[in-house]
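J.: need a 3D model of the sequence below.
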Amino acid sequence: MAIDLAFETRERKVLAAVADGIVAAAAGRALRVAVACSPAHLTFAGQLTRALHARGRACNCITPMPDGSPPDRPATGSDPVDPAVAMIVSSPVPTGGEVYRVSVCLVDECPQNPPSGDPAAGDGGRSGPAAEVVVDYGDPTGPVLRRFTTDEGLVADRTADENRTAGT
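T.: Model (predicted):
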């Protein structure tokens with residue numbers, strides 16, 4: 001029970017840091033957030049949507065189909081678990097308005113080379129202001145914000161050793 005509470009507390013701190021960073025970086029712009037994760041972590045997208053609402057950013061969360069398989073590709077028992085992509089979108093963009101794109105990747109271990117750009121569009125589809133976030137769910141003490149970058153520069157970049165010594 002204490003481990004579950006510690007995990008949940010850590011998850012909430014990471015979620016708050018991600019939401020605060022997104023709101024600050026996207027001030028005055030429409031918002032598009034792509035959350036790439038395993039189906040087991042899709043609830044993060046809903047929690048992030050609620051956190052953005054609490055910070056004054058009205059938005060909706062669009063998640064994949066419940067069975068996790070796209071309608072044009074039947075699921076088979078031998079397929080590895082594909083990552084799911086949930087989209088969080090704010091109100092429509094006025095003509096000529098700028099859209100701030102955020103790519104959030106939830107991993108079960110710290111990646112050597114974190115993905116960049118919008119997971120739904122690929123690196124070539126990215127234009128305009130954007131941010132990249134990597135959250136590691138593989139740490140035994142709970143989720144860790146591994147990387148948070150914006151076009152303006154690096155906001156956070158943590159390794160497992162830094163997190164253990166910092167106690168976060």
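J.: now do the longest helix along the chain: which elements does it pack against?
T.: Counting by DSSP state H, the longest helix found in the chain is helix 2-25. On a contact count with 3 or more C-beta pairs under 8 Å, 6 or more residues apart in numbering; DSSP states H and E, helix 2-25 meets helix 43-54, strand 99-107, strand 130-136, strand 144-150, strand 153-157. Every C-beta, even on glycine, is put in place using the N, C-alpha and C of the backbone.
J.: need the ones you listed in CSV with mean neighbour count and mean pLDDT, can you?
T.: As requested, the helices and strands packed on helix 2-25 are exported to CSV (neighbours: other C-beta atoms under 10 Å; pLDDT from 0 to 100):
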stretch, mean neighbour count, mean pLDDT
helix 43-54, 18, 94
strand 99-107, 22, 91
strand 130-136, 23, 87
strand 144-150, 21, 88
strand 153-157, 12, 57
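J.: before we move on, back to that, pull up the pairing partners for the very next helix or strand once past the longest helix of the chain, direction included.
T.: Next in sequence after helix 2-25, counting helices and strands by DSSP states H and E, comes strand 30-37. The strands beside strand 30-37 in its sheet (DSSP bridges) come out as strand 84-90 (antiparallel), strand 99-107 (parallel).
J.: any chance of the ones you listed in TSV, plus distance to residue 141?
T.: What follows is those, written out as TSV (distance: least, C-beta to C-beta, whole Å):
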stretch	distance to residue 141
strand 84-90	25
strand 99-107	16
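J.: out of these, flag the one nearest residue 26.
T.: Residue 26 lies closest to strand 99-107 among the strands paired with strand 30-37, at 3.7 Å (C-beta to C-beta).
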